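Novice: my questions concern the predicted model and sequence given below.
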Amino acid sequence: MRAAIVEAPGKVSVTTVPDPTPGPRDVVVDVASCGLCGTDLHILQGEFAPSLPLVPGHEFAGEIVGVGSEVTELAVGDRVAVDPSLHCHECRYCRNGRGNLCERWAAIGVTVSGGAAEYAVAPVANCVKLPDHIDVKDAALIEPLSCAVRGYDVLNSTLGAEVLIYGSGTMGLMMLELAKRTGAAGVDVLDVNPERLATAGLLGCSRSAAGADDLDRPGGWDVVIDATGNAAAIQDGLGRVAKGGTFLQFGVADYATTAVIEPYRIYNQEITITGSMAVLHSYERAAALFATGILDPSVFISDRLPLDQYPQAVDRFKAGVGRKIVVEP
């Protein structure tokens, strides 16, 4: 089969690899679409993935074309979206229901071969069957949506909150859509990319700007979400949190990224600083929300490229072109 391969840091190509073989409780998925995200860039930089070469791709969906000997829940022909999370279910975090913090954390497309290929293997337990009205080529959006749902689980959003989101890429736009549905009184979005910022306006943000100084809110925002991973955005966002408010680090930053906090202000103004890591008990809920039409795939997916153009898709993503970029094997 054909697959994208991250061969070494900074080097990605498309080549022929052996067809995957399922284990007893696995299925083989004929991949219909696979999304790119910031994590894929980190893998390409030599971060996250424990070893290379690796077939990337943790946002994918497709049709089951093979099942393991012990699989009874799904059958060949079923269309599924795949939760990439692989938890050990044995460490203290897994036993405490915090599998996303697993001491042996792993994920399809991050630590083992993923969906940037014609076929991918996944545990049957990780597969969510799609309803008939969902286009399987759109369902790669479910995984990033599940991360956004996890982010709002962490926030425990208060009705009537004023929200500020840094970044209007795929994840920032998903956080916007969820903020609108979790009782926010207003949702402002910042981005230096005018095209992406225009999409935030199309989706109904309250206000949009290139920087927070362009918005009139001297007291700050109740909830500030960084969806960029950018050091300057993070630093600015920490200073925009209102008294009693919350800062959520949602964007994936480089390992070396740092920011300065003001301990007295955090204490005196009872500011909460928290993070959201990947998926936790949120994939099925994201799939259910996606089935209701919470996202418009025609807005969120800006580029659909064939698998053989995976390197070009990476280049477009790195350049900040478009929104969600997917490859379709």
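Specialist: That came through fine. Numbering: from 1, shown residues only.
Novice: for I234, see how far away I266 is.
Specialist: Distance, I266 to I234, by CB to CB, to the nearest Å: 15 Å. For every residue, glycine as well, the C-beta is placed using N, CA and C.
Novice: the more surrounded of these two?
Specialist: I234 (21 against 15; other CB atoms under 10 Å).
Novice: list the contacts for the more buried one?
Specialist: Contact analysis of I234 by CB atoms under 8 Å, 6 or more residues apart in numbering lists 166, 226, 228, 249, 251, 253, 257, 259.
Novice: just the element for the fifth one, please.
Specialist: Read that as G251. Under the criterion DSSP states H and E, no helix or strand holds G251.
Novice: contact partners for the nearest residue to R217 once chain neighbours are set aside?
Specialist: Nearest in space to R217, with sequence neighbours left out and distances taken as CB to CB, 6 or more residues apart in numbering, is E162 at 7.1 Å. E162 sits next to 184-186, 188, 217, 221-223, 242 when contact means CB under 8 Å, 6+ apart.
Novice: which one of the contacts of I234 is nearest to A61?
Specialist: Using CB to CB, G251 comes nearest to A61 of the contacts of I234, at 23.7 Å.
Novice: and that closest one, how many residues sit next to it?
Specialist: So G251, with other CB under 10 Å, has 23 neighbours.
Novice: how much space between it and K180?
Specialist: In terms of CB to CB, G251 sits 20 Å off from K180.
Novice: before we move on, what about E284?
Specialist: Applying CB to CB to E284 and K180 gives a distance of 22 Å.
Novice: between those two, who's got more neighbours?
Specialist: Neighbour totals were compared for E284 and K180, and K180 leads with 17 against 14 (other CB under 10 Å).
Novice: could you pull out the strands for the stretch 201-329 of the chain?
Specialist: 207-209, 221-226, 241-249, 272-275, 301-306, 324-328 (DSSP state E, counting those that start in this stretch).
Novice: compile these into CSV and extend it with columns for mean pLDDT and mean neighbour count.
Specialist: Converted to CSV, the strands of the stretch 201-329 of the chain look like this (pLDDT from 0 to 100; neighbours: other CB atoms under 10 Å):
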stretch, mean pLDDT, mean neighbour count
strand 207-209, 98, 17
strand 221-226, 98, 26
strand 241-249, 98, 20
strand 272-275, 98, 13
strand 301-306, 97, 16
strand 324-328, 97, 24
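Novice: of the ones you listed, which is nearest A4?
Specialist: strand 324-328 (7.5 Å).
Novice: tell me what the closest one is packed against?
Specialist: strand 26-35, strand 301-306, helix 310-318 (3 or more CB pairs under 8 Å, 6 or more residues apart in numbering; DSSP states H and E).
Novice: got a markdown table for the ones you listed, with distance to N193 too?
Specialist: Output for these, formatted as a markdown table (distance: least, CB to CB, whole Å):
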| stretch | distance to N193 |
| --- | --- |
| strand 26-35 | 19 |
| strand 301-306 | 12 |
| helix 310-318 | 13 |
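Novice: of all the ones you listed, which one is nearest K324?
Specialist: strand 301-306 (4.8 Å).
Novice: what residues does the closest one touch?
Specialist: With CB under 8 Å, 6+ apart as the criterion, strand 301-306 contacts 33, 137-138, 141, 312-313, 316, 321-329.
Novice: now stretch 241-255
Specialist: Applying CB under 8 Å, 6+ apart, the external contacts of stretch 241-255 come out as 38-39, 42, 45, 47, 148, 151, 154-155, 162, 166-167, 171, 175, 219-231, 233-234, 237-238, 269-276.
Novice: in helices, which of those residues fall?
Specialist: Counted as lying in helices by DSSP state H, out of the contacts of stretch 241-255, are 38-39, 42, 148, 151, 154-155, 171, 175, 231, 233-234, 237-238.
Novice: need the contacts of I234 in JSON lines with distance to I301, can you?
Specialist: Shown next, in JSON lines, are the contacts of I234 (distance: CB to CB, whole Å):
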{"residue": "Y166", "distance to I301": "22"}
{"residue": "D226", "distance to I301": "23"}
{"residue": "T228", "distance to I301": "20"}
{"residue": "Q249", "distance to I301": "26"}
{"residue": "G251", "distance to I301": "20"}
{"residue": "A253", "distance to I301": "25"}
{"residue": "T257", "distance to I301": "28"}
{"residue": "A259", "distance to I301": "32"}
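Novice: how about A185, nearest residue that isn't a chain neighbour?
Specialist: Nearest to A185 is G160, by CB to CB, 6+ apart, at 4.6 Å.
Novice: I should have written G35 there, sorry.
Specialist: Using CB to CB, 6+ apart and skipping the chain neighbours, the partner closest in space to G35 is E59 (3.6 Å).
Novice: and that neighbour, how many residues sit next to it?
Specialist: 32.
Novice: ranking helices and strands of the chain by mean pLDDT, which lands last?
Specialist: Every helix and strand in the chain was compared by mean pLDDT, DSSP states H and E; the lowest is helix 38-44, with a mean of 91.
Novice: D19: which element?
Specialist: With DSSP H and E as the test, D19 turns up in no helix or strand.
Novice: which ones are touching the closest residue to F300 other than its chain neighbours?
Specialist: Nearest residue to F300 in three dimensions, chain neighbours excluded: K324, at 5.0 Å (CB to CB, 6+ apart). Contacts for K324 (CB under 8 Å, 6+ apart) come out as 35-36, 140-141, 144, 170, 300-303.
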